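S.K.: Kindly generate the corresponding structure for this input.
(one chain, ligands or ions: 1)
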Amino acid sequence: MAFETIIVEVEDHVALIRLNRPDALNALNTQLLGELCTALEEADGNDKVRCIVITGSDKAFAAGADIREMSEKTYVEVYSENLFAAANDRVSAIRKPIIAAVAGYALGGGCELAMLCDFIIAADTAKFGQPEINLGVIAGIGGTQRLTRLVGKSKSMDLNLTGRFMDAEEAERAGLVSRVVPAKKLVEEALSAAQKIAEKSMISAFAVKEAVNRSYETTLSEGLLFERRVFHSMFATEDQKEGMAAFLEKRAAQFRDK
Ligand code: HXC
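M.R.: Sure thing, here's the model as predicted:
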């Protein structure tokens with residue numbers, strides 16, 4: 001499908017999706033969110049794709065939901081259309097791993113989109129924040145929920161109440177991002193992480209996503225039981241036999257997603 005607000009490239013089993021509304025710092029309007037969700041679903045259904053990277057520009061991953069588009073909406077309108085619910089649900093439903101590669105601003109909905117991904121690699125130029133309070137609203141797609149689980153109550157309250165921005169170093173210290181890399185190397189590092197993931201068994205990658213995400217939804221004992229049962233179930237796969245045989249035979253595993 002042809003897109004206008006994103007650019008999609010598939011190479012070496014990785015789909016690279018670039019948000020591309022440079023005039024609005026990649027603000028997330030209806031068209032961009034729709035195209036992004038469609039591209040993610042296409043990548044999820046494409047056998048050639050084993051991992052997905054979402055990135056923006058040097059200046060902005062995304063500076064938030066599109067304020068121009070939202071500003072005149074009424075309560076009845078946003079409630080009726082259930083604003084941003086579909087984006088949250090459609091991105092959450094993607095089964096293949098998604099890496100957010102963030103340079104520049106990741107604010108409001110931009111920070112929330114990054115948190116909807118499975119992990120975040122940040123350029124040293126990245127700035128994260130939930131400045132919705134400055135607009136007379138609050139975060140609407142995880143900024144008070146996912147962010148709190150990721151960085152704890154104190155820092156989440158600080159960011160959501162003051163609207164200040166957090167740099168990449170602070171974001172790494174706080175546990176929001178998995179690693180910080182020089183801005184020039186951001187996409188290269190994210191693609192290299194994605195290619196490493198693409199070499200694994202897709203069954204194991206799906207299972208990792210399900211198990212880690214389950215930890216946010218349940219108690220420790222239920223989560224451990226879920227993990228153990230999924231771990232047990234992996235012994236029904238050919239990839240488990242291949243992975244362990246390859247280790248013992250001192251060779252690289254050839255996973256077949258079976
Ligand atoms: C619409 C936006 C935008 C946004 C920037 N632009 N952010 N348009 N929605 N969220 C547009 C500007 O209007 C401007 O367009 C152009 O992008 C460049 O932005 P500038 O402000 O001129 O750039 P700069 O001075 O470098 O400042 C960068 C900035 C600032 C600090 C990131 O743009 C900013 O504060 N943006 C808003 C950040 C924000 O409040 N985000 C939360 C949005 S609410 P023109 O046409 O004037 O050149 C939200 C709700 C989430 O996300 C709910 C669930 C998704």
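S.K.: Can you tell me the closest non-neighbouring residue to Ala27?
M.R.: Asp66 (4.1 Å; CB to CB, 6 or more residues apart in numbering). Glycine gets a C-beta too; all of them are placed from N, C-alpha and C.
S.K.: Contact partners for that neighbour?
M.R.: 24, 27-30, 32 (CB atoms under 8 Å, 6 or more residues apart in numbering).
S.K.: What of Lys59?
M.R.: Contacts of Lys59 (CB under 8 Å, 6+ apart): 22, 25, 103-105.
S.K.: Check the gap between it and Leu25 for me.
M.R.: Distance, Lys59 to Leu25, using CB to CB, to the nearest Å: 6 Å.
S.K.: for Val187, same thing?
M.R.: 18 Å.
S.K.: didn't Met1 look like it was pressed against Thr38?
M.R.: Yes - with contact defined as CB atoms under 8 Å, Met1 reaches Thr38; the gap is 6.3 Å.
S.K.: quick one, which of these two is more surrounded?
M.R.: Thr38 (15 against 7; other CB atoms under 10 Å).
S.K.: Helix, strand, or coil at the closest residue to Thr162 other than its chain neighbours?
M.R.: Spatially, and ignoring its direct neighbours in sequence, Thr162 is nearest to Ile133 (7.8 Å; CB to CB, 6+ apart). Of the three states, Ile133 takes helix under DSSP: H, G, I helix; E, B strand; the rest coil.
S.K.: what's near enough to touch Ile133?
M.R.: Contacts for Ile133 (CB under 8 Å, 6+ apart) come out as 160-163.
S.K.: any idea where the strands of the stretch 151-258 of the chain begin and end?
M.R.: 166-167, 179-181 (DSSP state E, counting those that start in this stretch).
S.K.: Write out the residues of the protein neighbouring the ligand.
M.R.: Taking CB under 6 Å from any ligand atom, the part of the chain that reaches the ligand is made up of 24-25, 27, 63-68, 84, 105, 107-109, 112, 131-132, 135, 139-141.
S.K.: can you do 5 Å?
M.R.: 24-25, 27, 63-68, 84, 105, 107-109, 131-132, 140-141 (CB under 5 Å from any ligand atom).
S.K.: Filter those down to the buried ones.
M.R.: Neighbour-count burial (16 or more other CB atoms under 10 Å) applied to these gives 24-25, 27, 63-67, 84, 105, 107-109, 131-132, 140-141.
S.K.: I appreciate the help and will end here.
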